[in-house]
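> I need the structure of the sequence given here:
(2 chains)
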Amino acid sequence: MAHTPLTPENFELLLLCFNSDREKAGEEYELLWQKMREYFAARGAICAEDLADEALSRLAKKYAEGEEIRDFNRYSYGLARLIWMESLRRPENNYVSFDQALGLSFVLPDFLLTEEENARYVHCIRQITDEERNLMIEYWDHEEESHYEARRQQAIRMGISPTALRIRVSRIRKKLEACLANCLEKKTPKAK
Amino acid sequence: MSNFSYNSELFTRYLLGQLHDAEQDRLEEEYFCNNEVFVALLDAKDQLISNYLNGRLTAEDRKRFEQHFLTLPGHKREVELACSFLSPAPKPQLVTNRITSDRKPSTKKESPHGFRKTYQPWILAAAAMLLIGSIIALQVRKERQQATSPEVQIAAIQLPKGPPNISLFLKPTSSRSFGQDITAKIGKETQIVELKLEVSKETFPIYRGTLHIKGKEDEVLSDDSLHATKNEAGTPIVIWRLPAAKLQIEDYTASLQGIAPGNPSVPIGDYDFEVRALTLENSQQSR
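Numbers count the residues shown, from 1 in each chain, chains lettered A, B, ... in the order given. Purely as a prediction, here's the structure:
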């Protein structure tokens, strides 16, 4: 959870700053959030998404407060570094180096996923639209040797940029993850 | 043009946590400032996930992937979702210019979204029906597999969690004695099956291990970087840690070869063992 709340007003101001076209501004916002997330994930932050939320909330607040930001990208990078350093200083965060961490063997759904877990995936895949499902299938299941080329071809066929394709995939993925988390929450009884 | 424009090797090293600090900082600054570089990084991430799911990573990279990449909840979810869309079930016929072979991609200015414009609504509906049908068919197939396949769906019923690591001390098949326990009982939470392979002496600087299902030629796993050590009793052993996720309920043979620089490899021995599902019954028997 972000310590700095992102107000609707600050959010709107930030979008306007990215681009006057709201759709394009949303894409820029989404991409920046993903950059933040990858930055924190590369450092092993379990709460990489929370830190990304915090970073964007602070960025929006700074801009709304009138701070002069000449280069949003560089500023965001500096902000990510600052938030990371702050995070390291918090006593509740006990980061373990990756070399000390236990490896997690991925369990393929075909083999050891329970029926229940499998049913959740099937249920959530059914919740997205046909178009979204087609997009995801084509995104992952292709004949090209590299994903880079496959993305490029898919984006050309769709008449959008590879970046826009990426954003759409990311949004669909978030929908699916939210559905899975919701299913899990319903299944897990809350502690009294 | 950026030096990072598309460098999949560099991106992969970054994702596996193998870049030096200065290199990492440079790449991160670059992708913050350049969307194309960032999108290329995300492509490299998808490629890495795909390579892992298809068993195309080296042993070293696979270990790094599992130790570094998969330990983050967000990444693990991404891998699981990717796996869902890489299901072996037959895919619906997508109505795209790629499949309707005679039609070239639309380049008309009046249809900027050429992809959508080539669809007929009824074909979309049929594709959706096929997809749902294939998902249901996959479910039915899985249920049948559970009933008949020797691969036991360990977690499908309430089974013991099992230890995270299982250790087996194995002698070469030619010299194995009766009563030696050669069964790895894998539970829901077992991650590593550790083989301690007895060798006559620590002759070679390095050993190569290959794993086969008994009676089959295909190599399941291999590792060229095994070393000999001594156990508590002073017996020379080679330790080989196998990821439990890669093992099925089967009888296996692990073959060991000694490697000396400049010389052909020398067969050391074959070591037989079994992988079984840990059940309430057999977990009590072993006490």
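> measure A:Ser76 to B:Glu29 for me?
11 Å (Cβ to Cβ, to the nearest Å). Every C-beta, even on glycine, is put in place using the N, C-alpha and C of the backbone.
> Residue ranges in chain A under the pLDDT threshold?
Within chain A, the ranges that satisfy pLDDT under 70 run A:1-2, A:91-115, A:145, A:187-192.
> List the residues that contact the residue nearest the centre of it.
When Cα atoms, centre = their mean is applied to chain A, the residue found nearest the centroid is A:Gln34 (5.0 Å). Going by Cβ atoms under 8 Å, 6 or more residues apart in numbering or on different chains, A:Gln34 touches A:Ala52, A:Ser170, B:Phe38, B:Leu42.
> Which residue is the nearest non-sequential neighbour of the first one?
The reference is to A:Ala52. The shortest distance from A:Ala52 to any non-neighbouring residue, by Cβ to Cβ, 6 or more residues apart in numbering or on different chains, is to A:Met36 (3.7 Å).
> what about whichever strand or helix holds that neighbour, distance to the chain center?
Secondary structure from DSSP states H and E places A:Met36 in helix A:22-42. Helix A:22-42 has its C-alpha centroid displaced from the chain centroid by 7 Å (Cα atoms, centre = their mean, to the nearest Å).
> Toward the C-terminus from it, list the very next helix or strand.
helix A:48-64.
> From the chain's centroid, how far away is that following helix?
A distance of 13 Å separates the centroid of the chain from that of helix A:48-64, by Cα atoms, centre = their mean.
> all helices of chain B, in order?
With DSSP state H as the criterion, chain B has helices at B:8-15, B:21-33, B:35-53, B:59-64, B:73-85, B:114-117, B:121-148, B:280-285.
> ok, back up a step: which of A:Ser76 and B:Glu29 has more residues huddled nearby?
Each of A:Ser76 and B:Glu29 has its neighbours counted (other Cβ atoms under 10 Å in any protein chain shown); A:Ser76 has more, 22 against 15.
> For chain A, tell me whether stretch B:261-278 is touching it.
No. Using Cβ under 8 Å from any Cβ of the partner chain, stretch B:261-278 stays clear of chain A, coming no nearer than 9.8 Å.
> list the contacts for B:Asp43?
By Cβ under 8 Å, 6+ apart, B:Asp43 lies in contact with A:Ser146, A:His147, A:Tyr148, A:Arg151, A:Pro162, B:Tyr6, B:Ser8.
> can you do 10 Å?
Contacts for B:Asp43 were tallied using Cβ atoms under 10 Å, 6 or more residues apart in numbering or on different chains; they are A:Ser146, A:His147, A:Tyr148, A:Glu149, A:Ala150, A:Arg151, A:Arg152, A:Pro162, A:Arg166, B:Tyr6, B:Ser8, B:Phe11.
> Which among these count as buried?
A:Ser146, A:His147, A:Tyr148, A:Ala150, A:Arg151, A:Arg152, A:Pro162, A:Arg166, B:Tyr6, B:Ser8, B:Phe11 (16 or more other Cβ atoms under 10 Å in any protein chain shown).
> Let's have these in JSON lines, adding secondary structure and distance to B:Leu81.
Listed next are the buried ones among the contacts of B:Asp43 as JSON lines, based on DSSP: H, G, I helix; E, B strand; the rest coil; distance: Cβ to Cβ, whole Å:
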{"residue": "A:Ser146", "secondary structure": "coil", "distance to B:Leu81": "20"}
{"residue": "A:His147", "secondary structure": "helix", "distance to B:Leu81": "15"}
{"residue": "A:Tyr148", "secondary structure": "helix", "distance to B:Leu81": "20"}
{"residue": "A:Ala150", "secondary structure": "helix", "distance to B:Leu81": "17"}
{"residue": "A:Arg151", "secondary structure": "helix", "distance to B:Leu81": "16"}
{"residue": "A:Arg152", "secondary structure": "helix", "distance to B:Leu81": "22"}
{"residue": "A:Pro162", "secondary structure": "helix", "distance to B:Leu81": "20"}
{"residue": "A:Arg166", "secondary structure": "helix", "distance to B:Leu81": "15"}
{"residue": "B:Tyr6", "secondary structure": "coil", "distance to B:Leu81": "24"}
{"residue": "B:Ser8", "secondary structure": "helix", "distance to B:Leu81": "21"}
{"residue": "B:Phe11", "secondary structure": "helix", "distance to B:Leu81": "20"}
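> Arrange those residues in JSON lines, one row each, with distance to B:Gly215 as further columns.
Shown next, in JSON lines, are the buried ones among the contacts of B:Asp43 (distance: Cβ to Cβ, whole Å):
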{"residue": "A:Ser146", "distance to B:Gly215": "36"}
{"residue": "A:His147", "distance to B:Gly215": "36"}
{"residue": "A:Tyr148", "distance to B:Gly215": "40"}
{"residue": "A:Ala150", "distance to B:Gly215": "38"}
{"residue": "A:Arg151", "distance to B:Gly215": "42"}
{"residue": "A:Arg152", "distance to B:Gly215": "44"}
{"residue": "A:Pro162", "distance to B:Gly215": "47"}
{"residue": "A:Arg166", "distance to B:Gly215": "46"}
{"residue": "B:Tyr6", "distance to B:Gly215": "45"}
{"residue": "B:Ser8", "distance to B:Gly215": "39"}
{"residue": "B:Phe11", "distance to B:Gly215": "41"}
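> where does the stretch 101-250 of chain B dip in pLDDT?
B:101-160, B:174-180, B:201-202.
> In it, mark out all the strands, start to finish.
Secondary structure of the stretch 101-250 of chain B (DSSP state E, counting those that start in this stretch): strands located at B:165-170, B:183-186, B:192-198, B:206-213, B:219-226, B:228-230, B:236-243.
> Could you pull up phi and psi at the nearest residue to B:Ile213 once chain neighbours are set aside?
Setting aside the residues directly before and after it, B:Ile213 is nearest to B:Glu250 in space (Cβ to Cβ, 6+ apart), at 4.8 Å. When read as degrees, to the nearest 10, the backbone of B:Glu250 gives phi -150, psi 170.
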